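> Turn this into a structure:
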Amino acid sequence: MYETLKEAFCGRFSREAEYIFSAPGRTELSGNHTDHQHGCVLAAAVTLDTRAAVAKNADRRIRIQSEGYPLCEIALDDLTVRPEEINTTAALVRGVAARFQQLGCEVGGFDAYVTSTVLPGSGLSSSAAFEVLTGTIINHLFFAEKATPVEIAQIGQYAENVYFGKPCGLMDQTASSVGNI
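Residues are numbered from 1 along each chain as shown. From the prediction side, this is the model:
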């Protein structure tokens, strides 16, 4: 599984991946959508996940190639909200990077090839898994693992609320970032 991911990275970016990262999807056990109104929920991570083969780059750009989708490229010199990016992958990546930067992280460039068994529209929070995956990559590569799993979940929620334009609660990102039940 990871060898295929590494090969896809090499095929796309013409170099070897340095790291492999993963973030699980989630399922709701109780409290469907009540987290949007600050209610109580019970969720669990699932064994389906979003994976990335990753390597740093020197050009201050985040480039993410998700299997089956166009390349997403974000220049790190402008991380302001872009209304034309609402509901896009670029909005999520830009929002996660912006929030890390606001927290004092010197976000640098990286390339990632992403595959996922958390399919969009499956109800298993593919966007949260992607946000957590992006946050975990930035946390490891550029923030010396200073952000806790809960903080990574909050960063993902921020990206989804402010940049992506979806007023979600925190359940999806927390289940993905923290794992387990």
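> what residues are up against D77?
Residues in contact with D77 (Cβ atoms under 8 Å, 6 or more residues apart in numbering) are R60. C-beta here means a position set from N, CA and C on the backbone, and glycine is covered the same way.
> Need the pLDDT of it.
Looking at D77, its pLDDT reads 96.
> measure it to N57 for me?
Note on D77: its distance to N57, by Cβ to Cβ, to the nearest Å, is 14 Å.
> likewise V132?
According to Cβ to Cβ, V132 and N57 sit 22 Å apart.
> Looking only at neighbour counts, state which of those two leads.
Neighbour tally, V132 and N57, criterion other Cβ atoms under 10 Å: the higher count belongs to V132, 34 against 15.
> wait, the more buried one sits on G25?
No. At 9.9 Å, V132 and G25 do not qualify as touching, with contact defined as Cβ atoms under 8 Å.
> anything in contact with each of these two?
Common contact partners of V132 and G25 (Cβ under 8 Å, 6+ apart): S176.
> can you count the residues close to R61?
15.
> I62: what secondary structure?
Recorded secondary structure, I62: strand (DSSP: H, G, I helix; E, B strand; the rest coil).
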